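Colleague: could you work out the structure for the sequence below:
(one chain, ligands or ions: 1)
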Amino acid sequence: MSEQTPFYVTTPIYYVNDRPHVGHAYTTLAADTLARWHRLKGSPSYSLTGTDEHGQKIEQAASKAGVSPQEHADLYSAPFRDMVSAIGASPDDFIRTTEERHKRFVHQLWRAMREAGDIYLGKYEGWYSVSDEAYFTEDELVNGKAPTGSEVSWMVEESYFFRLSKYGEALLTHIDAHPDFIQPQSRANEIKRFVEGGLQDISISRSNFSWGIPVPDDDKHVIYVWVDALSNYISALGGTESARYEQFWRASCHLIGKDILRFHAVYWPCFLMSAGLPLPKTIFAHGWWTVEGEKMSKSKGNAIDPHAAVQAVGADAFRYFLLREISFGSDGDFSQSALLTRVNSDLANDYGNLLNRTLGMLGKYRASVTPAELQPQGSGALAGFEAQLLEAHSHARGELDQAMSELRFHDALRAIWSLVSAGNKYVDQCAPWTLAKAGEERAAELDRAIYNLCELLRVVGIWTLPFLPTKAVELLEALRVAAEEWTWDRTASWGQLALGVELAKPKALFPRLEGPLLLTRAAVEAAAKSEAGVAPEFTPEVTPQTSTQDDKLPKAAPAPVEFDDFLKLHIKVAQVLTAAPHPNADRLLVLTLDAGEPEPRTVCAGIAAAYAPADLVGARVALLSNLKPRKIRGVVSQGMLLAAGEGEGVRLMSVDPSVPVGSRVS
Ligand code: MSP
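Modeller: Okay, here's the model as predicted:
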């Protein structure tokens, strides 16, 4: 892709029937990295993610939970938005299919396909399972039953159909004429074989549930969830009349998992052809992650939780691991040991050491100031080593560019790390400590060696901006490189780091890690329970409100305590200064309190379901102030608020505003 060409990257929109896991995080951060990469190269770029909120499954889950489908969607969409920011991604837009702007385009697409004569009313037939509320084909049945074991009966339902069969030839022609259209190549071959086998018309409406976008002019039907979902890629641009669509649509790149390739590479292009719209430029299907060699599943509870992973290793290290460990397009395994190895060897050792050695030597030998002047490049006894270093730089730059244009993130990172290794080798070759011992005689060589190393860090800092956005910025700021200079072009020629400038002291960007790491929700919750005695974090899963056997048993009266024991508890009146959601636990808020002490206190409270943070500011509360501090999901809580009730019904003990802050409750 040439410079200045606009670039539009999308992720799948995620179903709101699950919590975000590493699979969702993976595509989101690949898209984020690509968008940042294109920006680095000076191209206008736009990136999109969001949530897929219609369909029977959502309707069922909501009714089971006793909430409206919209409430359910609101509840489950939010964690995806949180996940996006937790992994350091900053998409330009987050679309939800329940938004009006989305519905408008879905209707436009439907009408255009209908006007093209491609939608007709027919009958949808199949083996229907009432308990699964789903149709199954003959092939899917297992011993005459649904794969879930439930009974099925032959059902016939009125449905609108789309003439997919009409577009097979045109699709094959497009695939052949556009080698970049479906990637990797093996996936293009797979789709070609499927299309060559003959396309059948598909049912694109449902009338057995109502949580969806109504069919225009026939609201007995709702539009099939994939027609609805795929449309997000254009509805988010503002529909086909918008300037953003004009600028970006033809440069679109859909990143998806391999399981949803057919919808993207067959259905979507055919819908677009029918509506007379241009096709996306690229559809790239990536592989799937297993965890410690096993498939991720809800029942095993082994899904890697992006929040937990970020908490354990940091967002940038998590990003590095996912993009470096496997090639985008292949399946791969997420294991603790692989993660620890990558972080400790590539980040803490190779990269961290280079950084510390370089800034350490600059500090030790040159009071942290880059040389005021330099001997000409290529002069002196160390010129041969310098030539090797410069060669490593230009080679890595070419490799990196090529790899990114082919979405080979792991090769791109490998290329950057080849320069890091060249830097470490250069330190050993030049042995600056020996040069320093030689004093004035070799001072110019020492200057040049240290400058080259700082310059190398500048280049690595710029190149890693798309991959490690937080740490790269920290590094560039430490090197005093101005933000306007964070561009690909500024890494073409060697020697652009300013002379005579004081750089920051070294700071470990990536500390070494030790296992075991808490990477799943189950692991985090178990640790939180044992560490702090807190209840597990709020899980937006339907927990029936029926009483258990235990609830029905008469409760034993609490054992009496001595008055002296009561006096051990220091309960104080405090005032809420600030309140915010806990970064790692949906159930908790983090409050700072004025308890009449020199410093405000931080307290975590399990009241997020009942109170909006803003409503708490200024409130007087009762604080158990001498509870031992506890770390709760990464935040140290210095005390506990007194409250009664549970979940949404929890209420803080209130205190009359006339009672001064700091007063003891007795
Ligand atoms: N809502 C649809 C997509 C509509 S796009 C117009 C959907 N949602 S999903 O939430 O079920 O899945 C979203 C993505 O997560 C898919 O790309 C899927 O491949 C990906 N992953 C789910 N499990 C995964 C792994 N174990 N590993 C990698 N990605 C995985 O499908």
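Colleague: tell me the contacts of G168?
Modeller: 195-196, 198-199 (C-beta atoms under 8 Å, 6 or more residues apart in numbering). The C-beta positions use only the backbone N, C-alpha and C, and glycine is treated the same way.
Colleague: try A338
Modeller: Applying C-beta under 8 Å, 6+ apart to A338 gives the contacts 321, 325.
Colleague: in which helix or strand does it reside?
Modeller: Using DSSP states H and E, A338 maps to helix 336-341.
Colleague: point out the other helices and strands that the helix or strand that comes right after that helix packs with.
Modeller: Reading on from helix 336-341 to the C-terminus, the next helix or strand found by DSSP H and E is helix 352-366. With contacts defined as 3 or more C-beta pairs under 8 Å, 6 or more residues apart in numbering; DSSP states H and E, helix 352-366 has these neighbours: helix 409-430, helix 432-437, helix 443-463.
Colleague: mind checking which of those helices is nearest the ligand?
Modeller: helix 409-430 (14.1 Å; C-beta to the nearest ligand atom).
Colleague: before we move on, the earlier item: deepest of the helices and strands packed on helix 352-366, which one?
Modeller: Of all the helices and strands packed on helix 352-366, helix 443-463 carries the top mean neighbour count, a mean of 23, counting by mean count of other C-beta atoms under 10 Å.
Colleague: for it, what is the distance to the chain centroid?
Modeller: Mean-position distance between helix 443-463 and its chain equals 33 Å (C-alpha atoms, centre = their mean, to the nearest Å).
Colleague: from G645, how far out is the residue in the stretch 1-150 of the chain that the ligand sits nearest to?
Modeller: Residue of the stretch 1-150 of the chain nearest the ligand, by C-beta to the nearest ligand atom: G23 (2.5 Å). As judged by C-beta to C-beta, to the nearest Å, G23 and G645 stand 37 Å apart.
Colleague: more crowded one of these two?
Modeller: Legend: neighbour count by other C-beta atoms under 10 Å for G23 and G645, higher for G23 (21 against 11).
Colleague: wait, the more buried one sits on S297?
Modeller: No. The pair G23 / S297 is not scored as a contact, 11.8 Å apart, by C-beta atoms under 8 Å.
Colleague: before we move on, the earlier item: out of the contacts of G168, which comes closest to Y124?
Modeller: L199 (16.9 Å; C-beta to C-beta).
Colleague: so what's that closest one up against?
Modeller: Taking C-beta under 8 Å, 6+ apart as the test, what L199 contacts is 164-165, 167-168, 171, 266, 270.
Colleague: for S418, same thing?
Modeller: Neighbouring residues of S418 by C-beta under 8 Å, 6+ apart: 392, 395-396, 399.
Colleague: one more: V573?
Modeller: 595-596, 620-623, 655, 659-663, 665.
Colleague: most surrounded residue in those residues?
Modeller: Busiest of these [other C-beta under 10 Å] is L623, holding 29 neighbours.
Colleague: which one of the residues in this protein is closest to the ligand?
Modeller: Residue nearest to the ligand within the chain (C-beta to the nearest ligand atom): G257, separated by 1.6 Å.
Colleague: hey, what's that residue bridged with?
Modeller: H286 (DSSP bridges).
Colleague: just checking, it touches H286?
Modeller: Yes. In this structure, G257 is within contact of H286 by C-beta under 8 Å, at 6.1 Å.
Colleague: intersection of neighbour lists for those two?
Modeller: T27.
Colleague: who has more neighbours, those two?
Modeller: Higher neighbour count among G257 and H286: H286, with 25 against 18, using other C-beta under 10 Å.
Colleague: one step back: most neighbours, which of the contacts of L199?
Modeller: C270 (25 neighbours).
Colleague: could you measure from it over to A285?
Modeller: To A285, C270 is 17 Å away according to C-beta to C-beta.
Colleague: the protein against the ligand: which residues are in contact?
Modeller: 12-15, 23-24, 26-27, 52, 229-230, 232, 256-257, 259-260, 288-289, 296 (C-beta under 6 Å from any ligand atom).
Colleague: what subset of those is buried?
Modeller: Listed as buried from these are 12-15, 23-24, 26-27, 52, 229-230, 232, 256-257, 260, 289, 296; burial here means 16 or more other C-beta atoms under 10 Å.
Colleague: mind checking which of these are in strands?
Modeller: 12-15, 52, 256-257, 289 (DSSP state E).
Colleague: let me know whether V621 touches V659 as I believe.
Modeller: No. Here V621 does not reach V659: they are 11.1 Å apart, not a contact under C-beta under 8 Å.
Colleague: is Y124 bridged to anything, and to what?
Modeller: E157.
Colleague: just checking, it touches Y160?
Modeller: No. Y124 is beyond contact range of Y160, at 9.2 Å (criterion: C-beta under 8 Å).
Colleague: quick one: common contacting residues for the two?
Modeller: With C-beta under 8 Å, 6+ apart as the test, Y124 and Y160 both reach S203.
Colleague: quick one: which of those two has more around it?
Modeller: The neighbour comparison of Y124 against Y160 (other C-beta under 10 Å) goes to Y160, with 24 against 20.
Colleague: redo the contacts of V573 as TSV? Include pLDDT and secondary structure.
Modeller: Listed next are those as TSV, based on pLDDT from 0 to 100; DSSP: H, G, I helix; E, B strand; the rest coil:
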residue	pLDDT	secondary structure
A595	89	coil
G596	85	coil
R620	90	strand
V621	92	strand
A622	93	strand
L623	94	strand
V655	83	coil
V659	83	coil
P660	83	coil
V661	86	coil
G662	87	coil
S663	87	coil
V665	86	strand
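Colleague: okay, those in JSON lines with distance to D93 next?
Modeller: Converted to JSON lines, these look like this (distance: C-beta to C-beta, whole Å):
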{"residue": "A595", "distance to D93": "43"}
{"residue": "G596", "distance to D93": "46"}
{"residue": "R620", "distance to D93": "42"}
{"residue": "V621", "distance to D93": "39"}
{"residue": "A622", "distance to D93": "44"}
{"residue": "L623", "distance to D93": "42"}
{"residue": "V655", "distance to D93": "44"}
{"residue": "V659", "distance to D93": "48"}
{"residue": "P660", "distance to D93": "49"}
{"residue": "V661", "distance to D93": "44"}
{"residue": "G662", "distance to D93": "47"}
{"residue": "S663", "distance to D93": "50"}
{"residue": "V665", "distance to D93": "49"}
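Colleague: for A472, what are phi and psi?
Modeller: phi -60, psi -40 (degrees, to the nearest 10).
Colleague: what sits against it?
Modeller: 461-462, 464-465.
Colleague: report the buried residues of stretch 378-387.
Modeller: Using 16+ other C-beta under 10 Å as the burial criterion, the residues of stretch 378-387 that qualify are 380, 382, 385-386.
Colleague: how far away is the closest residue to R163 other than its chain neighbours from T578?
Modeller: Closest residue to R163 apart from its sequence neighbours, by C-beta to C-beta, 6 or more residues apart in numbering: D118 at 4.4 Å. Using C-beta to C-beta, one gets 56 Å for the distance from D118 to T578.
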